[in-house]
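1. Could you work out the structure for the sequence below:
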Amino acid sequence: MTAHTAIRQTADATPQDFADIRDWVFDLDNTLYPRHTNLFAQIDQRMTAFVSDFLSLPRDEARVVQKDFYRRYGTTLRGLMQEHAVDPDAFLQYVHDIDYSWLSPDPALGDEIKALPGRKFIFTNGDRGHAERTARQLGILDHFEDIFDLVAAGLVPKPASETYDKFMGLHRIDADRAVMFEDLARNLEVPKRLGMRTVLIVPRNLEEAFGDVWEHEGRDGEHIDYVTDDLATFLRSVR
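-> Numbers count the residues shown, from 1 in each chain. Just a heads-up that it's a prediction; the model follows:
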């Protein structure tokens, strides 16, 4: 982190800082489970395969297209829809046909989420089925008020401001009394602008060698209030 920002880490978080929070909003992939479990790697590879088959490209070229769409449109699916009129249902069904046994149940995280005051939501760029299967495997599904997925967002992914507006309007969320947890810094820019507190989830030990380089952009920005590499410990420290 750069010296000019006031980003706080897990040890700096206190219950007083979150005493007024009533809505706790969590991204799903690489947030509610740690990146090192590598569950999302399965989805990533299936997206590459889908793009390869759909556009009749070699796998290496398909991966370049996939990542370009991801960066420019927020999701690979959005890029395929905008530029190639893909059937979103076919894409979502294919890429989420994965082995969830890679995830181990996380009772410690479940206990901390359950103990939080107020409402808890999953807000994901994936679909509801994937979110439900993931949260069920983790043993935390029953602790959430609702799942706001890509379909509920009208297939317009984060970080589009209209998607946050739709989510917050649907659930009548007061931004000043809400906090959002995300693994992508750019997806916290709008929540911060709306008045939410923001927590960036990073790989354990603040490792830098993960994901695409652009995913690190904004990690030291003023729209990040807190950063943590251990979600359960962070939640325990603020309740």
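2. Return the residues in contact with the residue most central in space within the chain.
-> Closest to where the C-alpha atoms of the chain average out (CA atoms, centre = their mean) is residue 27, at 3.1 Å. Listed by CB atoms under 8 Å, 6 or more residues apart in numbering, the contact set of residue 27 reads 122, 123, 124, 180, 181, 182, 183, 184, 187, 201. Where C-beta positions appear, they are placed from N, C-alpha and C, glycine not excepted.
3. what does residue 81 give?
-> 88, 155.
4. does it sit in a helix, a strand or a coil?
-> The assignment at residue 81 comes out as helix when based on DSSP: H, G, I helix; E, B strand; the rest coil.
5. I'd like to know how far it sits from residue 7.
-> 35 Å (CB to CB, to the nearest Å).
6. likewise residue 99?
-> Residue 99 is 35 Å from residue 7, by CB to CB.
7. ditto for residue 170
-> Applying CB to CB, the value for residue 170 to residue 7 is 30 Å.
8. Residue 11 - how many residues pack around it?
-> The number of residues packed near residue 11 is 10, by other CB atoms under 10 Å.
9. Please apply the same query to residue 107.
-> Residues lying near residue 107 (other CB under 10 Å) number 12.
10. I'd say it and residue 139 touch.
-> Yes. Contact criterion CB atoms under 8 Å: residue 107 and residue 139 qualify, at 6.0 Å.
11. ok, back up a step: ok, residue 99 and residue 7, which is more surrounded?
-> Using other CB under 10 Å, the more surrounded residue of residue 99 and residue 7 is residue 7, with 18 against 8.
12. hang on, the more buried one packs against residue 226?
-> Yes. Between residue 7 and residue 226 there is a contact at 6.8 Å, judged by CB under 8 Å.
13. joint contacts of those two?
-> Taking CB under 8 Å, 6+ apart as the contact rule, residue 7 and residue 226 both touch residue 200.
14. what's the helix or strand of the chain at the bottom of the mean pLDDT ranking packed up against?
-> Here the helix or strand of the chain ranked lowest by mean pLDDT, DSSP states H and E is strand 8-9, holding a mean of 86. Strand 8-9 sits against strand 226-228, with contacts defined as 3 or more CB pairs under 8 Å, 6 or more residues apart in numbering; DSSP states H and E.
15. Okay, now the sheet partners of the strand it packs on, with direction.
-> strand 8-9 (parallel), strand 197-201 (parallel) (DSSP bridges).
16. Please work out which residues outside it touch it.
-> So strand 226-228 is contacted by 1, 7-10, 12-13, 197-202, 206, 219, 234 (CB under 8 Å, 6+ apart).
17. With mean neighbour count and distance to residue 64 as added columns, please give the strands paired with strand 226-228 in TSV.
-> Conversion of the strands paired with strand 226-228 to TSV gives the following (neighbours: other CB atoms under 10 Å; distance: least, CB to CB, whole Å):
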stretch	mean neighbour count	distance to residue 64
strand 8-9	16	35
strand 197-201	24	27
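18. Tell me which of the ones you listed sits nearest to residue 20.
-> Closest of the strands paired with strand 226-228 to residue 20 is strand 197-201, at 9.6 Å (criterion: CB to CB).
19. Give me the residues contacting the closest one.
-> Residues contacting strand 197-201 (CB under 8 Å, 6+ apart): 7, 17-18, 21, 27, 30-31, 178-183, 185, 188, 191-192, 219, 223-229, 231, 234.
20. Same question for stretch 101-120.
-> In contact with stretch 101-120 (CB under 8 Å, 6+ apart) are residues 21-26, 32-33, 37-39, 42, 134, 137-140, 143-145, 171, 231-232, 235-236, 239.
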